[in-house]
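Engineer: A predicted structure for the sequence below; I have some questions about it.
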Amino acid sequence: GCGSKTTEQPSTSGTENTETAALNVGVFYYDYSDVYISSVRSSMDEQLKAMGVNYTNYDGAGNQAQQTDQINTAISNGANLLIVNIVETSSPDAAQNAVEAAKTAGIPIIFFNREVSDDVVNSYEKCAFVGTNAPEAGHMQGQMVGEYLLENYDTVDLNGDGVISYVMFKGQEGNAEAEARTQFGVEDANAVLTAAGKPELAYYNASATDKYLVDQGGKWSAQAANDYMATILPEYSEANGNMVELIICNNDGMAEGAVSALQGAGYNTGDGKTIPVFGVDATDSAKQLINEGKMTGTIKQDAEGMASTILNLVSSVQGGGNLMDNTSSFNVDEGVAKIRVPYATYTGE
Amino acid sequence: MEQPALLEMRNITKEFPGVKALDGVSLTVRPGTVHALMGENGAGKSTLMKCLFGIYAKNAGTIVLDGKEVDFKSSKEALENGVAMVHQELNQALTRSVMDNLWLGRYPKVAGLMVSESVMRKRTREIFEELDVHVDPKAIMSTLPVSQRQMVEIAKAVSYNAKIIVFDEPTSSLTEAEVEHLFRIINMLKERGCGIIYISHKMDEILRISDEVTIMRDGQWVATRHAKDLTMEEIIKLMVGRELTNRFPPKDNKPGEVILEVEHLAGKYTRLKDASFQLRKGEVLGIAGLDGSGRTEVLENLFGAMTKESGTIRLHGKEIKNKTPREAIKNGFALLTEERRATGIFGIRDIKENTVISNLKSYLAGGFCLSDKKMKEDTDWAIQAMHIKTPSQSTQIRSLSGGNQQKVIIGRWLLTKPEVLLLDEPTRGIDVGAKYEIYQLILDLAKEGKGVIMVSSEMPELLGICDRILVMSGGVLAGEVDARNTSQEEILTLAAKYV
Amino acid sequence: MCKEERTVNQETNVQEKEARVRQPWTAQRVGDILLNNALLIIMAIAVVYIAIKNPNFIKPASLINILSQTAAYLPAALGIGGCIVLTGTDLSAGRAVGITACISASLLQNAANMANKMWPQIGTLPIPVVIVLAMLIGAAIGCFNGFFVAKFKLHPFIVTLGTQLILYTVLLLYVQQGNNKGMAISNLDPSYTGFVKGSLFSIGGTPIPNYVLFAIVLTAVMWFVWNKTTFGKNMFALGSNEEAARVSGVNVFGVTVGVFALAGAMYGFTGFIEGARIGSNTANTGLNYELDAIAACVIGGVSFVGGIGKIRGIVIGVVMLRLIFVGLTMVGVPQDLQYLIKGAIILFACALDMRKYLVKK
Amino acid sequence: MCKEERTVNQETNVQEKEARVRQPWTAQRVGDILLNNALLIIMAIAVVYIAIKNPNFIKPASLINILSQTAAYLPAALGIGGCIVLTGTDLSAGRAVGITACISASLLQNAANMANKMWPQIGTLPIPVVIVLAMLIGAAIGCFNGFFVAKFKLHPFIVTLGTQLILYTVLLLYVQQGNNKGMAISNLDPSYTGFVKGSLFSIGGTPIPNYVLFAIVLTAVMWFVWNKTTFGKNMFALGSNEEAARVSGVNVFGVTVGVFALAGAMYGFTGFIEGARIGSNTANTGLNYELDAIAACVIGGVSFVGGIGKIRGIVIGVVMLRLIFVGLTMVGVPQDLQYLIKGAIILFACALDMRKYLVKK
Ligand SMILES: Nc1ncnc2c1ncn2[C@@H]1O[C@H](COP(=O)(O)OP(=O)(O)OP(=O)(O)O)[C@@H](O)[C@H]1O
Ligand SMILES: Nc1ncnc2c1ncn2[C@@H]1O[C@H](COP(=O)(O)OP(=O)(O)OP(=O)(O)O)[C@@H](O)[C@H]1O
Ligand SMILES: OC[C@H]1O[C@@H](O)[C@H](O)[C@@H](O)[C@H]1O
Ligand SMILES: [Mg+2]
Ligand SMILES: [Mg+2]
């Protein structure tokens, strides 16, 4: 869905008069097919429509070149506010390019979800970032995993060797959220375990150099997790005494893919044995799996909250003010215009 | 006249962009007769037949088959209504078996959807037996020699039990024995009451087999006569529109010193076993032999288009390798191949590019930029020298008639100014008038001091313009005769030596 | 006479066989046999090597895993194989799988949980209805492709590239419909997942999922279609020489559309299976399925030259790709290298296969 | 004799021209002219329509945006065009762009910031060296493709699919080298970004990036190669009939390898440009570039039939795709629908174009 079209095109040449002109917003999503991002998009569409703002959505289709071209096109079409879910996150340059383009046009730019560096945000006074505190999801997930294990240690330890073997599914290489979740999801769980005198988690394949499996396509996809899991299961099984006992995923999509593969092997069907699977996002379908006992927990990433935070900045601009004018109630970083929408744990209703 | 017509085509007109291929042509075929269709290359014979067979939609005219007006929209319709055709260019599914090709489009079925292999095999055997064709029904088409593929095609056309069967130059790739075989089949069809349309450029065939002859020129009907009332000279006159007293131009070339010596040439993957011969400056050297005797292989091995196993080639006493066609061209060789469509023309490209492609180096200005002007000039030269019938230089070659395509390719090679010209069936599918022109060209080249080696299945042609004739048999050079004092019998005896 | 003939045939057969047996075992002949079966030989060597490096590889559970994965990817490959026989290809296969997966899943959601149901008003449809629907939708997509290929003589590459894009829009819009709002379509009805992933048999204690059975049935059907029906024979003739087929009265248009439609029906079936197998259906589902399917066909000897290919080859091709996928993981080859190995095997297999068709002159 | 002949030629030429002029303006002829230029006409109508709906569309900034995008995507399309003329395709183009982009970027990083430099020991190379290197690497990839195509007579689809996979491994490994550890390669030297994105001219106050100039030069070079060189003529001959080309003395192996290598060099150049234009180079860079490039060629009339195509057509094709990309957003077509419209236009354009080559019945 997309807003109605502007009839009156604001000038793009002036630097200061954007505040008074009608808003013409370009919203750039990194990939329409990403489920969590779709939920942000639904909320965003709803709220932008409610505000009566003219806006246009763009699908980067996971391709930075396409998104860069879209940003340039939007600017040449008189966009006077950019909301960008940048495709390339593993270096600041793509985001910096977008900022330069916005700067030249003198228009504000808000990044969201996929984090950009402080330097990028600080390089332009009309730039802000709305996202989460990437490590937070990892920390919360790790905490949740650790606590769950302490409570259910012996049930989880299927082979009774006193050690929990796990798999970690990473959504993408070089993405700040993915990196943090991959690291802290395990580290914090270990901290909880060791504090209680239990041994640390053991990666299911002791000889692997990387302690995670990653979606090579960078799409955080259920399919990737499913394919990996289906390949792991015949080799690591209860019969062999080396069954994977815990699955931690960077997001719910991957968790769902893993659950489906486990179901193929007779686990996680709601009754009978369940291998604990954890995700992030709290998508509707993941919440349902958790409520049905097929998945264990997730970290809620508040799509609606993210959208309303962004919209808060948009309305400041609409009212002729600056991006960060009315942000005192939010969780803002020190020294940089970055707003953090909090996560919450979810283990069922 | 004698019997009611089986097929009547009246005032058929067909236009292609820029060409009026047929202009009010009429043709009447009676049951139990052979109606020959003759005309120069590009006269419109094949086009007329394609209009009948539902391949082209005619622009005007009527077709009456068995008293009913018809206008077939597809070949399927034509076949279902008793019209079958052997096409000028072989059209077969080469990766499939003989049997699959024979029954393509009308597989015998069981239980409504299954193809019955056993019925297919049985019927194939019946037809092959009836027609005395000896081909393995299960053989994959691509493994058969061209002549056998042609016989399969003929058997297929016959097997439709059609009322009208069109043969568009069926003998251009058949041996003499197979031609006789075909004639027996045609006589049998006549007895059954079929009407047969027979297109060929071979006069003797026409006079032998046909009852009536229709002659076309430039897309127009010229005459229809009883064959028994016609002579070769008359046919030629009607076709060409002028008198053509001699079929061969006067031979005034003078063979000089030896330029090319070939010793024990043998092919690596092909059946050429042993051939040694010499070629003189200004000489026309013929190669005769039965189909499959290795004539084509001699030329293609010499030219590097096939891989040699052994043998030496010396040009002016110096040994050369000719490993690839490119190398051969550099050494002053040129080869006109046997299968025009497969290895000759660049169908989708225009006449100009088809003409200059082997000679590009000589159009380079400043070493790297091709000069359009020079290419145009040379193409014009070729069009005029060969009397190529084409609307313009920028016409796609595939829209020319077969004979005119052939002339373009000869032009291509002449432009490279070769010293040794290898011609494989140079007049295949070419009309009498054009043949004469090509003979003239060959002799002119010889007079200029070039050496020409020419493979042909037409004995009179070899006897008419060659100085010496080599005879191949079973992949071996069986002998050599002097064209001036030999006979067809002598050549045939040699050709049978190793079979 | 019929009887007589049969004896004649048998005789020739016997003679042929004898001739074959009588052939001397020259080095040339041994070499030829090795080369002609090189792919199978390499596959065997690889299996032995992997099994030695990691004995788990040949335990029943692992073999059944390979079997299951093969079964999951086979139908799409069988479908696309026909397109390749017609000298074509089909880039829209992946998206077709995606759409039919999403549609199947959305029609087979658990009615017990209305909140997460895309179409609460529809309820859970009977499984056969959904299978037929998915296959019909796939076939319709195929008809569209076939129509453009046959009617306008367009190359299938470009037609199916266009279709791929069109289908992506359809997919993006579909997942936003009803209650779904772009979320993953899951909450599948147990009857659906049971039907697909459940099992009737098990070997060595490991259950064999039902979709393996389905794949076997489909393979048999496709073998029959390719080898025993008019349609199949026409398809090969058309792929080998369109003009020849046309002048022999083959309905070129019909056969082309039919081949693409059949392929589409196969994608539809794949979508139905994948919907339950992956369990989470998004606009991403099916992405790039066509590449593996095409690769499998070509590895198995279905040639882009047209008119050449065997069902057996396609099965071998799919197994081969799954062996690469599973085997490389089992011997611990890093993920990064897997693409290289897959690419190299494609090149190698095809170069090897092409030898057979190269006419040496 | 030669002189005499020339006059005759000129006469025929004059006659031909006159004949053309004299042709009556029948409805048929007008219809033909309209149909033959339908793409351009539709493009013109579209431009007028968009400009009326949204005047921003024809402001200098917007036109230069379209021009720049065209320039960025043109070289790869020009390269791949040659592969299509040879009845082939090139699926490895995107990855080749990715690799050369990463390599170019990694060799042109800012030495002032050592920590973020992939190869701290190398320093910043001179720009011409890197351009040549990128093009050579691209050409080497092309040679590899061409070798397999020409030597083993494999279909380019399958060869380049294999190469695509192989290159992806190379790309994944490359970005993990040196100091980089899988991160995006950025921190580019200002000399590099200045060279590519800087500008010498501007129109109506909007600067024209340098890569537009490069694209113009490359287009001219490619036009020359296609139309005025032996290589170009041989390429077309080969694309239209390989066997005939061989006996006509065309170096089939050499020309095939040459065409792919030239294409590769174009990808290399594209990589060099994209490295700076996008600024952030990862294993994802270049993904799917080939699809747009192929679509552009085919829209512009380069045919998969082989032996047909014009540089002008490729330029029109790329412009067309960029117009779709920019124009659709400008008239407010929702993003979801854009894939559909793009797909439909590809189908429509090609069906229209194919009319010319259909043998009329
Ligand atoms: N598809 C086509 N498009 C344009 N022109 C064509 C087409 N087919 C045939 N022609 C033209 O129609 C004329 C008649 O060609 P046709 O093939 O019928 O000649 P033909 O009498 O069979 O000659 P040949 O003896 O060489 O086979 C030629 O001028 C040819 O260029
Ligand atoms: N016994 C055979 N087995 C396989 N192929 C054969 C056989 N006989 C002939 N051929 C094929 O038939 C074709 C014609 O053979 P060849 O070139 O030797 O004939 P030719 O003497 O040149 O006669 P023509 O002038 O008709 O071509 C070749 O392509 C050859 O491969
Ligand atoms: O960058 C895209 C990713 O963003 C994350 O925040 C989210 O958890 C993932 O599911 C995915 O959407
Ligand atoms: Mg344990
Ligand atoms: Mg003809």
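Structural biologist: Perfect, thanks for sending it. Ligands and ions are numbered 1, 2, ... in the order given.

Engineer: What helix or strand is the residue nearest to A:Phe184 when sequence neighbours are not counted located in?
Structural biologist: Distances taken as CB to CB, 6 or more residues apart in numbering or on different chains put A:Gly138 closest to A:Phe184, at 2.9 Å, once the chain neighbours are dropped. All C-beta atoms are positioned from the backbone trio N, CA, C, and that covers glycine. Take DSSP states H and E as the rule and A:Gly138 turns out to sit in helix A:134-156.

Engineer: How about that helix, which residues are buried there?
Structural biologist: Neighbour counts over helix A:134-156 (16 or more other CB atoms under 10 Å in any protein chain shown) mark A:134-150, A:156 as buried.

Engineer: cool, and stretch B:266-278?
Structural biologist: Taking 16+ other CB under 10 Å as the basis for neighbour counts, the residues of stretch B:266-278 that come out buried are B:266-267, B:270, B:272-273, B:275, B:277-278.

Engineer: Who are the contact partners of A:Asn122?
Structural biologist: Going by CB atoms under 8 Å, 6 or more residues apart in numbering or on different chains, A:Asn122 touches A:335-337.

Engineer: 7 Å instead, please
Structural biologist: A:Asn122 makes contact with A:Val336, according to CB atoms under 7 Å, 6 or more residues apart in numbering or on different chains.

Engineer: Could you tell me which residues make contact with C:Phe260?
Structural biologist: C:83, C:142-143, C:145-146, C:149.

Engineer: for the residue nearest to A:Phe184, what are its contacts?
Structural biologist: A:180-181, A:183-185.

Engineer: Name the member of those residues with the most neighbours.
Structural biologist: Note: the member of those with the most neighbours is A:Arg181, at 32 neighbours, neighbours being other CB atoms under 10 Å in any protein chain shown.

Engineer: Chain neighbours aside, what residue packs nearest to that one?
Structural biologist: A:Gly138 (4.3 Å).

Engineer: likewise A:Ala286?
Structural biologist: With CB to CB, 6+ apart, the residue lying closest to A:Ala286 is A:Asp252, at 3.6 Å.

Engineer: Can you give me the distance of the one you found to ligand 2?
Structural biologist: Separation of A:Asp252 from ligand 2 (CB to the nearest ligand atom, to the nearest Å): 65 Å.

Engineer: low pLDDT regions in the stretch 1-150 of chain B?
Structural biologist: Residues of the stretch 1-150 of chain B meeting the criterion pLDDT under 70: B:1-3.

Engineer: Up against ligand 3, what does it have?
Structural biologist: Counting by CB under 6 Å from any ligand atom, no residue of the stretch 1-150 of chain B lies close to ligand 3.

Engineer: Could you report the neighbour count for the residue of the stretch 1-150 of chain B found nearest chain D?
Structural biologist: Using CB to the nearest CB, the closest approach of the stretch 1-150 of chain B to chain D is made by B:Ala57 at 4.6 Å. Each residue near B:Ala57 was counted by other CB under 10 Å, and the total is 13.

Engineer: Chain C next: which of the buried residues of stretch B:266-278 are close?
Structural biologist: When CB under 7 Å from any CB of the partner chain is taken as the criterion, the members of those that contact chain C are B:Thr270.

Engineer: List the buried residues of the one helix or strand C:Leu74 maps to.
Structural biologist: Assigning secondary structure by DSSP H and E places C:Leu74 in helix C:60-85. Under the neighbour-count criterion of 16+ other CB under 10 Å, helix C:60-85 has C:60-85 buried.

Engineer: so after it, what's the next helix or strand?
Structural biologist: Scanning forward in sequence from helix C:60-85 by DSSP H and E, the next helix or strand is helix C:93-107.

Engineer: Compute the number of surrounding residues for C:Met330.
Structural biologist: 21.

Engineer: What residues does the stretch 1-150 of chain B have near chain C?
Structural biologist: B:55, B:75-76, B:79, B:87, B:91-96, B:100, B:104-107, B:109, B:113-115, B:122, B:125.

Engineer: ignore the last one, chain A
Structural biologist: A:32-33, A:35, A:38-39, A:41-42, A:207, A:216, A:219, A:221-223, A:226, A:230-231, A:233-235, A:237, A:240, A:253, A:256-257, A:259-260, A:263-264, A:283-285, A:288.

Engineer: Can you list the residue ranges for strands in chain A?
Structural biologist: With DSSP state E applied, chain A shows strands at A:24-29, A:54-59, A:81-84, A:109-112, A:127-131, A:165-170, A:202-203, A:213-214, A:246-249, A:277-281, A:297-301, A:338-340, A:343-346, listed in chain order.

Engineer: how about TSV for those strands, with mean neighbour count, distance to chain B and mean pLDDT added?
Structural biologist: Listed next are these as TSV, based on neighbours: other CB atoms under 10 Å in any protein chain shown; distance: least, CB to the nearest CB, whole Å; pLDDT from 0 to 100:
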stretch	mean neighbour count	distance to chain B	mean pLDDT
strand A:24-29	26	44	94
strand A:54-59	23	39	91
strand A:81-84	26	48	96
strand A:109-112	27	50	97
strand A:127-131	25	53	96
strand A:165-170	25	46	97
strand A:202-203	16	52	96
strand A:213-214	22	44	92
strand A:246-249	28	49	98
strand A:277-281	30	49	96
strand A:297-301	25	53	95
strand A:338-340	21	59	96
strand A:343-346	18	56	92
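
Engineer: give me the low-pLDDT residue ranges for chain C?
Structural biologist: If you take pLDDT under 70 as the line, chain C has these spans: C:1-24, C:357-359.
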